[in-house]
Each structure stands twice: as structure tokens, then as C-alpha cells.
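>>> sequence below, structure please.
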Amino acid sequence: MISANINTWRNLNQRIKSASAALLVVFSIQCGAANIEGKVIKVADGDTVTVLDADNKQHRVRLTGIDAPERHQAYGGESTKSLRDLVYLKKVTVESSGTDRYRRILGKILLDGSDVNLEQVKRGFAWHYKHYEKDQTLEDRLNYADAEVWARQQRLGLWILESPVPPWEYRKDQR
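Okay, the predicted model is just below:
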């Protein structure tokens, strides 16, 4: 009887430890993906901004789901200007999904509920970054892909060029 109770206790204890570990993982993921609210105080390029939160902490944010031309690349300046026109000195919400290797926050920027990342693609100033599309929701994946096709068909922004060079290829050639 005593050994049966000990085994039952051990099984229960192991289940509690497993459940606690699972909760800790879920809590950690949710904390890492917290939203940031603040004012955009800098636009570095067509897919990177700095947001100042209410505690005066600066957050460098890399827009997820898109890749914009580099500053010295064709349409790099226009892409930066487009993003600046959209968000500079405006209050935004960043839906964070983690950080990248440069310690930038990866996020979708919302301005009054509208997806700024998607708007950059719609305007023809960014590619849908399909290499990382698995990190997007299915809905975002489809919306961004459709927006790029539409911008290409309308020959908006960089799509007026005969053969625009994707930024990931431009970066590879610069190395």
C-alpha cells in the first residue's frame, strides 16, 4: 500500500513539474512577444525604425514580412521616404515576434490599426520577404503576397524598373 502511494505521488509530482515547465515556456513566449506602443522617432530605411515608448526607452524595430531596398540601392531612398511619410513622429503599436541577430525587435507596425508593413508592399517599396513567411500568420502571408503581385501589376514604386534587384541579392553581391 505504501509503495503504491509513493509511486502515485511520484507520478503526480512528475506531472506537476511537466505542467509547470510547459506554463513557463508559454509565459516566456508571451512575454517575448509583447506589444510595444510608442512614437516613431527615427526611420533608418524602408524596413527599420526606432520607437520611443512611454518610459523613454528606444526600441529598434525591423519590420517583419518585408524586405525593402537598401539605402544605396535603386529605390532605397524612396522606400525610406515612404516609411517616413507613414510613421515618423506618429504613435504606433508594434506587434513583436522576437528579435533578430542584430538585436532588433522583429515586428508588425500598426498605425491606427492599419498594417504599415503591408502598406510598404502595396506602395511598391518593399518585397514580401518570402524567405521568412513561415513566421507570418497565414492571413498575413496571403495578404503580403497578393499586395506584391498587385504592386507589380500596377508598376508601382520599384516595380517600374525592368528588373529590380531584391535586397537579399544586393546584400549578397556587396559582401
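
>>> what segments of the protein are strands?
Secondary structure of the chain by DSSP state E: the strands cover 35-45, 48-53, 58-63, 66-67, 91-99, 105-111, 114-115, 127-128.

>>> now render those as JSON lines, adding distance to residue 165.
Where you see a C-beta, it was placed from the backbone N, CA and C, and this is true even at glycine. Compiled in JSON lines, the strands of the chain are given as follows (distance: least, CB to CB, whole Å):
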{"stretch": "strand 35-45", "distance to residue 165": "15"}
{"stretch": "strand 48-53", "distance to residue 165": "19"}
{"stretch": "strand 58-63", "distance to residue 165": "20"}
{"stretch": "strand 66-67", "distance to residue 165": "12"}
{"stretch": "strand 91-99", "distance to residue 165": "27"}
{"stretch": "strand 105-111", "distance to residue 165": "24"}
{"stretch": "strand 114-115", "distance to residue 165": "25"}
{"stretch": "strand 127-128", "distance to residue 165": "10"}
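
>>> quick check: closest non-adjacent residue to the residue sitting nearest the centre point of the chain.
Here the mean C-alpha position of the chain is nearest to the C-alpha of residue 64 (CA atoms, centre = their mean), at a distance of 2.4 Å. Take residue 64 and drop its neighbours on the chain: the residue closest to it by CB to CB, 6 or more residues apart in numbering is residue 106, 4.9 Å away.

>>> likewise residue 60?
residue 104 (4.7 Å).

>>> do you know how far the one you found is from residue 135?
Spatial separation of residue 104 from residue 135 under the definition CB to CB, to the nearest Å is 14 Å.

>>> repeat that for residue 39.
In this structure, residue 39 and residue 135 are 26 Å apart, going by CB to CB.

>>> need the per-residue pLDDT for the residue nearest to the centre of the chain.
Among the per-residue scores, residue 64 holds a pLDDT of 97.

>>> please apply the same query to residue 116.
pLDDT recorded at residue 116 is 98.
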